[in-house]
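Colleague: coordinates for the following, if possible.
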Amino acid sequence: MEQDHIISEVRKNREKLSEKFNNDLDKLFDHFKKEEKKSKVKLKNFQPKRKSGSVE
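Modeller: Residues are numbered from 1 along each chain as shown. Predicted structure coming up:
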């Protein structure tokens, strides 16, 4: 099966980040949150929207 170059690149970058933060998900998450705050890109929220009149 032919190797997908984009998938390979994503996996390679994932491994680099994982090594950088010693496989600590909390540190990795903190890193991404800091990068998100520095970014000027408007991010989307993909949480489901509540229907009006619903009780939760």
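Colleague: state the pLDDT value of the spatially most central residue of the chain.
Modeller: When C-alpha atoms, centre = their mean is applied to the chain, the residue found nearest the centroid is Phe32 (6.9 Å). In this model, Phe32 is scored at 90, pLDDT.
Colleague: hmm, who's touching the helix or strand hosting it?
Modeller: Assigned by DSSP states H and E, Phe32 belongs to helix 25-38. For helix 25-38, the surrounding residues in contact (C-beta atoms under 8 Å, 6 or more residues apart in numbering) are 17-18, 21, 43. Every residue, glycine included, has its C-beta placed from N, CA and C.
Colleague: how far out from the middle of the chain is that helix?
Modeller: Remark: helix 25-38 is offset 9 Å from the chain centroid, using C-alpha atoms, centre = their mean, to the nearest Å.
Colleague: send me it as PDB with only the CA atoms.
Modeller: Output in PDB follows, covering the C-alpha atoms of helix 25-38 (Å, rounded to 0.1, in the frame of the first residue of the first chain):
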ATOM      1  CA  LEU A  25      -0.700  15.300  28.000                       C
ATOM      2  CA  ASP A  26      -1.300  18.100  30.500                       C
ATOM      3  CA  LYS A  27       1.900  19.900  29.300                       C
ATOM      4  CA  LEU A  28       0.900  19.400  25.700                       C
ATOM      5  CA  PHE A  29      -2.600  20.700  26.300                       C
ATOM      6  CA  ASP A  30      -1.200  23.800  28.100                       C
ATOM      7  CA  HIS A  31       1.100  24.400  25.100                       C
ATOM      8  CA  PHE A  32      -1.800  24.300  22.700                       C
ATOM      9  CA  LYS A  33      -3.900  26.600  24.800                       C
ATOM     10  CA  LYS A  34      -1.100  29.200  24.900                       C
ATOM     11  CA  GLU A  35      -0.700  28.900  21.100                       C
ATOM     12  CA  GLU A  36      -4.500  29.300  20.700                       C
ATOM     13  CA  LYS A  37      -4.400  32.500  22.800                       C
ATOM     14  CA  LYS A  38      -1.500  33.900  20.700                       C
END
